[in-house]
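Student: need a structure here:
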Amino acid sequence: MAQDISIEKSPLMVELDRGETYRQAAASSPRVLSWSRASIPDPVSWQDVARLKLTELCGYGRFGGPPAILHQTDLEPVVGYCHRGVCLRVRHGHDIVLRLVWRDGREKAMGPAVICLQGGDLAPGVSWGEGAGAAETAAIAQGADFARQAADHGYLAVCVAPLGCAAAASSESGEESLAKALLLGRSPAGEYASDVASTLNWMLDGESRFQIDPNRVAVAGWGTGGFAAIVAMALDPRLSRGILVNSLERLRSRAMQNTVDLSVAVPGILRWLDVDDVLCLCAPRSVLAAVTRDCDAERRAEMTAVLQTGGRFYDRIETPNHLDRTLHDWTPGDAMPVVWGSG
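Tutor: Model (predicted):
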């Protein structure tokens, strides 16, 4: 008969809680290049240094030559909105899938444009009102259909597919695609922001068949797509306006609350910067932040605090009116004239 043997655990043996370890590390993250800590008194000089570091951390860049059109198809109108599908070759082995959405007449005159980014589990189709499941349908009902809203105000909307979004049609998961990007030094947000810059290159080169006012190109992001949007705006001065919904939570707070995911994983960023500082890198250009009505009070307070930090920087460079420090309720239809203005 086998003998039961019990081994008493040594008092020195403890179970490691990796989550708690990282939460504590996030809470005490040094952020040595943060505007409030960097000891660089001149704000423009600080922006130069911080922007260079953010570029390095994100793996932003590698644009190659001018984007080349691989495929371009005019699609059937959808409930009064014109649609065009475009596939761009940015560099060898890297293509971008776009959907252009507009109202009749927009292609005939010089006007504004907006680049639309979705995040998390939302597919780009949410931007033009096509939801594949309950989560996407709910997001559309809350106003994530950026492209339709912008088109209603005279904008050309250009929807950019994020890294890994087409993984369902490939042999690997979206998470595997993101993990490979990290191995290559390309954070998901940095790759998405790079795709925004390449898309903007193509738009302003005239290849889109639209006349686009180069001084009125906005970027709009939802959720983790909003984090990519603010990174894109921080790194590309051609983007004149940022519109962010449910997007301005600090990364250290996400880590402490276990709400962080690969979409916002920029290796080492909390050693240097946080979202407050990325917002400061957008100055003096205009940024508007909003939340959906189901956003809880704690997240609202967090995003309001980020806006206040950014506001102090905008004050410092004497452009206080370029940052709206009110965290708006994002109500489909009602908020659109405030956010988009007129094309």
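Student: isn't A161 right up against V97?
Tutor: Yes: taking C-beta atoms under 8 Å as the definition, A161 is a contact partner of V97 at 4.2 Å. In short, each C-beta sits where N, CA and C put it, glycine included.
Student: more neighbours, the two?
Tutor: Comparing A161 with V97 by other C-beta atoms under 10 Å, the one with more neighbours is A161, at 21 against 18.
Student: what are the phi and psi values at V79?
Tutor: Backbone geometry at V79, expressed as degrees, to the nearest 10, gives phi 50, psi 50.
Student: quick one: residues contacting the closest residue to it other than its chain neighbours.
Tutor: Spatial nearest neighbour of V79, chain neighbours left out: G129 (7.9 Å); criterion: C-beta to C-beta, 6 or more residues apart in numbering. Counting by C-beta atoms under 8 Å, 6 or more residues apart in numbering, G129 touches 78-79, 140, 145, 147-148.
Student: residue boundaries of the helices in the stretch 1-150 of the chain?
Tutor: For the stretch 1-150 of the chain, the helices defined by DSSP state H, counting those that start in this stretch occupy 18-27, 43-58, 134-142, 146-151.
Student: of all these, which lies closest to Q72?
Tutor: helix 146-151 (17.4 Å; C-beta to C-beta).
Student: could you dump the closest one to PDB, C-alpha only?
Tutor: This file holds the C-alpha atoms of helix 146-151, laid out as PDB (Å, rounded to 0.1, in the frame of the first residue of the first chain):
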ATOM      1  CA  PHE A 146     -17.300  58.100 -36.800                       C
ATOM      2  CA  ALA A 147     -17.300  57.900 -40.600                       C
ATOM      3  CA  ARG A 148     -21.000  58.400 -41.000                       C
ATOM      4  CA  GLN A 149     -21.100  61.300 -38.500                       C
ATOM      5  CA  ALA A 150     -18.200  63.000 -40.200                       C
ATOM      6  CA  ALA A 151     -19.600  62.500 -43.700                       C
END
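Student: run the chain-centre distance for it.
Tutor: 17 Å (C-alpha atoms, centre = their mean, to the nearest Å).
Student: and what of stretch 134-143?
Tutor: On C-alpha atoms, centre = their mean, the centre of stretch 134-143 falls 18 Å from that of its chain.
Student: stretch 131-139 too?
Tutor: 19 Å.
Student: export that stretch to PDB, keeping only CA atoms.
Tutor: Output of stretch 131-139 as PDB, limited to C-alpha atoms (Å, rounded to 0.1, in the frame of the first residue of the first chain):
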ATOM      1  CA  GLY A 131     -21.600  45.700 -36.600                       C
ATOM      2  CA  ALA A 132     -20.900  42.000 -36.600                       C
ATOM      3  CA  GLY A 133     -22.000  41.200 -33.100                       C
ATOM      4  CA  ALA A 134     -23.500  42.500 -29.900                       C
ATOM      5  CA  ALA A 135     -20.500  44.500 -28.800                       C
ATOM      6  CA  GLU A 136     -20.100  46.200 -32.200                       C
ATOM      7  CA  THR A 137     -23.800  46.900 -32.400                       C
ATOM      8  CA  ALA A 138     -23.800  48.500 -29.000                       C
ATOM      9  CA  ALA A 139     -20.700  50.600 -29.900                       C
END
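Student: residue numbering should commence at 207 henceforth.
Tutor: Sounds good: first residue 207 from here, last item stretch 337-345.
Student: give me the contact list for that stretch.
Tutor: Under C-beta under 8 Å, 6+ apart, the answer for stretch 337-345 is 327-329, 331-332, 336, 346, 428.
Student: need the pLDDT of the nearest residue to G474 once chain neighbours are set aside.
Tutor: Nearest residue to G474, sequence neighbours excluded (C-beta to C-beta, 6+ apart): L263, at 5.8 Å. On pLDDT, L263 comes in at 95.
Student: L263 and S393 touch, don't they?
Tutor: Yes: using C-beta under 8 Å, L263 is in contact with S393, at 7.1 Å.
Student: give the intersection of the neighbour lists for the two.
Tutor: In contact with both L263 and S393: 472-473, using C-beta under 8 Å, 6+ apart.
Student: more neighbours: which of these two?
Tutor: S393 (27 against 20).
Student: ok, now which ones touch the more buried one?
Tutor: By C-beta under 8 Å, 6+ apart, the contact list for S393 reads 263-265, 387, 471-473.
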